[in-house]
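> Predicted coordinates and the sequence they were generated for:
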There are 4 protein chains.
Amino acid sequence: MCRWLAYAGTSVVLSDLLYKPEHSLIDQSLHSRMGVETTNGDGFGIGWYGSDAGTPAIIRDTGPAWNNRNLREIAGHVRSPLFFAHVRASTGTAVQQTNCHPFRHGRWMWMHNGAIAEFHRLRRDLSLAIDPVLFPSLEGSTDSEVMFYLAVTFGLDQDVPGAVARMAGLVERVGRDEGVEYPLQMTIAVADGERMWTFRYSSRHASRSLFCSSRADAIRALHPDLDFLRGVSEDTRLVVSEPLGDLPGVWNEVPESSYGVVQPGWDEFRPFKPEPV
Amino acid sequence: MCRWLAYAGTSVVLSDLLYKPEHSLIDQSLHSRMGVETTNGDGFGIGWYGSDAGTPAIIRDTGPAWNNRNLREIAGHVRSPLFFAHVRASTGTAVQQTNCHPFRHGRWMWMHNGAIAEFHRLRRDLSLAIDPVLFPSLEGSTDSEVMFYLAVTFGLDQDVPGAVARMAGLVERVGRDEGVEYPLQMTIAVADGERMWTFRYSSRHASRSLFCSSRADAIRALHPDLDFLRGVSEDTRLVVSEPLGDLPGVWNEVPESSYGVVQPGWDEFRPFKPEPV
Amino acid sequence: MCRWLAYAGTSVVLSDLLYKPEHSLIDQSLHSRMGVETTNGDGFGIGWYGSDAGTPAIIRDTGPAWNNRNLREIAGHVRSPLFFAHVRASTGTAVQQTNCHPFRHGRWMWMHNGAIAEFHRLRRDLSLAIDPVLFPSLEGSTDSEVMFYLAVTFGLDQDVPGAVARMAGLVERVGRDEGVEYPLQMTIAVADGERMWTFRYSSRHASRSLFCSSRADAIRALHPDLDFLRGVSEDTRLVVSEPLGDLPGVWNEVPESSYGVVQPGWDEFRPFKPEPV
Amino acid sequence: MCRWLAYAGTSVVLSDLLYKPEHSLIDQSLHSRMGVETTNGDGFGIGWYGSDAGTPAIIRDTGPAWNNRNLREIAGHVRSPLFFAHVRASTGTAVQQTNCHPFRHGRWMWMHNGAIAEFHRLRRDLSLAIDPVLFPSLEGSTDSEVMFYLAVTFGLDQDVPGAVARMAGLVERVGRDEGVEYPLQMTIAVADGERMWTFRYSSRHASRSLFCSSRADAIRALHPDLDFLRGVSEDTRLVVSEPLGDLPGVWNEVPESSYGVVQPGWDEFRPFKPEPV
């Protein structure tokens, strides 16, 4: 449906990752290789934390990313140690800012690729499960936004993997109650300004593509002449819907049904399993 | 909040009413005289029925009406016997197509000026009262769209004044349950392609301005040299948030807490009262 | 660069040709098969004449055609005997309404696929050759708009093929003076409300694709069960950048370096040759 | 026509000046008090230099500033020691990004309020006076952009006041040759990343309003409890089309027909006079 990129590590100018790579996210907006759609031109968004964490800035617009001059300007002038970028391919839902990713709630930022199957039939029940206090925050009409507020409802603030697992559990239960065999398809990135979590899961265990970059020192050993990620810390990581280029040893597929936390010292993905609610 | 214009009668080129009058709706988008806001620049919409009734065409956009070239082109080339036009002033709700009026459901078209007081607090309960079959049709985040689908839920297809009265009754009950003293403020136009209904009501009986044009023969008697409405049937009527000009005898204030049906032979407004549900 | 469609003949609802065909122009905006770019998502435009000819209506917008709801609404509610539609792929020029096609001058409508090679170097000299009275009409920054006003300057009103030939002659002379070997690449449609001319030409005689539909009676003989073009006059014709489907016998390649006039009784393309100026 | 704000001094978060003041530029976009138009809703732009000067970032969009969420996000997250902001009221020229201010050329940034009288008649001659090397950089259709490239043509890089004086001299000569009595009306801000120049001039010596803030120490003495400009250097200055509030002693009208350079140690406006070319 969409393509996304999540970065955490040493502060960089956004355009170094958004525009410069051979098969950058901007290029993917025009010519995705691994997406369900080749064109992701129904809006885009970026979100970044400043050096002081705090509330992230979110820029979203409804046109294609590839021809957006403001995006290029911002990307060329903003540095951040933790940022998200997303290009959207709508499957019928309105093309509007409030349906673009990332979504934000307080210091939290969320983006999604995938879909809740037959969302129009499940939407009401899922929306009702959102904490009534959060319900007025819904501004758009996507499954992704509902998933986000469900995760907030289920305790994102205390336990990210648990909240996402409960959100997924609810989606699967409500879906199956309605006769939807495989209700959920998702790759998700979520951050609080200090850490970044990514999830890859689908009810049929055939999830959308997701890749994580290798440790910076490993990449440097393989490609000593590489500008990419030069001067960044070992723990810096990119998680992307599809690789930004073809270099061997740089990109590793995220395991099916797993999640990871990008933070200092981190090194592995753990199994992800929806939790019944 | 907004300004609107509803026309029913002899088929006319839209621009004759949208652009030509001295204080046209387009002028009101820049300089409203009677509105809560003087500027109505947060989106606009028009909807029109063709000569065969059927599903109306709806054009909505997020910029101001006054500088929109496409609106001017369409208005200058489309004729219709029944059309709506609306210019929006948001009070914080997202500026997006799906929050612009008119709204459409099947052959029905709906637009609104006013507000549900403290809608963010009432939104969830009101949304839940919408027929679950209609719930997935919600695309935006306005009170106006929720009011529309509530009216559809309450039988717009069978009994327009009754359905609107029940919608208003629900809004007032839910509002008062939440401690909102005056929950509803509305002027509404609704049409099915053959007839057009307009409503003026507010919980505190101090409703937003609404005016109805006099019968065409009466206007012609007063202003024999007037181009305005020349050659139109006697029953042709304009209902507007504020008069399109200063001519005496042309515009009549719609009575407080009333509704009218613009149709052949029609001649009076009737009292409107919310109906408990 | 772009894809376009030009229709002249029996009045039809625009969406029958813009949306319904298997490989419609809207589909081409996402997945062009024969274009230089596969995605034509940098704006679009339609222009149509009413039943009384007169000034055409022109609707242009900067987003992709494929997700534009207003385009779908207009196309579904407007009938026309002569209309143009265009989807744009920019090669760097600003994405703005005034760079979208069709362009209009009085009753004339013009659209283009192709490019003036190294236009940035030739733009000033070509702009200066535009009649000074027309110069203030330039609103955008495309080669296509300059070509249009040059054709108007060179007598479009009196002699369409001659004016276009002189425009092409000037572009080639100015280009070659600047050392550009193959200055011009163009398929063009131009109309005055009664007739429609189309041109296919390039300096290197390797022009962008262009196809013309067969006579309606010939198509009906081949495909008796075909809805497409049912009930239209024999002289009705579609000229398109690429075929709207795969039916044999429906689409004929327009000859290299030729032009045609779609009008009653018309039946052949004639050679096109730039004229020195 | 428009309203603008130019800031130079101690680095601040943009929103402190764009959104927080009582009568901020954002408020002026809805309710200008001293402008020719009260509404400035036909696009906006901001441009800022980073701490290392270099090329400024330029963000421009076509909708109103007051409801633009991306502008609010950027303004809330970007700090700059030198930035411009502009809200536009078009007088018929297309509403498009390339007609929005500021304009940029290399490290230079330029914005304008005012007009060249009867620009459509003078546009061609003025455009021809632009250095042919710069001509292809023209992307829009405004007088302001032409004025900018004329100033660049006339040596902005070497001598800002001289280049602007020659630009003004040319406009007046070309205008008067065409019978325009008072060709020029302008308030201009221009910057190179280190310094900022502002100009106030009109052919009839009745220029659009322009105000400059007092020295920060003077303001602090008058209003010791004022947050506004707290902690900034003495030489920090704001130049604005109209004051951002009503505090006495804060705002000084820029003298008619004068210019100033905001830089350390600066303290006065000097006379401005067009220079014949």
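Arrived safely, thanks for sending.
> Establish whether whatever helix or strand residue A:151 lives in and chain B are in contact.
Under DSSP states H and E, the secondary-structure element containing residue A:151 is helix A:143-153. No: using Cβ under 8 Å from any Cβ of the partner chain, helix A:143-153 never reaches chain B; the gap is at least 10.7 Å. Where you see a C-beta, it was placed from the backbone N, CA and C, and this is true even at glycine.
> For that helix, give me every contacting residue.
Outside helix A:143-153, the residues within contact range by Cβ atoms under 8 Å, 6 or more residues apart in numbering or on different chains are A:98-99, A:101, A:103, A:105, A:108, A:110-112, A:115-116, A:119, A:123, A:126-127, A:129-131, A:134-135, A:137-139, A:163-164, A:166-167, A:170-171, A:186, A:188, A:190.
> Now do the buried residues in that helix.
A:143-153 (16 or more other Cβ atoms under 10 Å in any protein chain shown).
> now the strands for chain A?
A:2-13, A:44-50, A:53-61, A:79-88, A:103-105, A:108-116, A:184-191, A:196-202, A:211-213, A:237-240, A:251-253, A:258-262, A:270-271 (DSSP state E).
> mean confidence score for the fifth one?
For strand A:103-105, the mean per-residue pLDDT is 98.
> other SSEs contacting it?
Where contact means 3 or more Cβ pairs under 8 Å, 6 or more residues apart in numbering or on different chains; DSSP states H and E, strand A:103-105 is packed against strand A:53-61, strand A:108-116, helix A:143-153.
> Quick check: residues of chain A near chain B?
Checking chain A against chain B by Cβ under 8 Å from any Cβ, the hits are A:94, A:96-98, A:120-121, A:123-124, A:127-128, A:132, A:135-136, A:138-141.
> Try it again at 6 Å.
Contacts of chain A with chain B, taken as Cβ under 6 Å from any Cβ of the partner chain, map to A:94, A:96, A:98, A:120, A:123-124, A:132, A:135-136, A:139, A:141.
> between these, which is nearest chain C?
Nearest to chain C, judged by Cβ to the nearest Cβ, of these is residue A:94 at 7.9 Å.
> I'd say the closest one and residue B:98 touch.
Yes: Residue A:94 is within contact range of residue B:98, at 5.1 Å (criterion: Cβ atoms under 6 Å).
> Common neighbours of these two, please.
With contacts taken as Cβ atoms under 6 Å, 6 or more residues apart in numbering or on different chains, residue A:94 and residue B:98 have residue B:139 as neighbours in common.
> Run a quick neighbour tally on residue A:107.
15 (other Cβ atoms under 10 Å in any protein chain shown).
> Please report the distance of the residue in the stretch 151-277 of chain A that chain D sits nearest to from residue A:101.
For the stretch 151-277 of chain A and chain D, the shortest gap (Cβ to the nearest Cβ) falls at residue A:193, measuring 12.7 Å. Noted for residue A:193: a distance of 17 Å to residue A:101, by Cβ to Cβ, to the nearest Å.
> Pull up the per-residue confidence for residue A:84.
For residue A:84, pLDDT reads 98.
> list the contacts for it?
Counting by Cβ under 6 Å, 6+ apart, residue A:84 touches A:6, A:47, A:102, A:109, A:111, A:189.
> Touching, residue A:99 and residue A:140? I think so.
Yes: Residue A:99 sits in contact with residue A:140 when judged by Cβ under 6 Å, with a separation of 4.1 Å.
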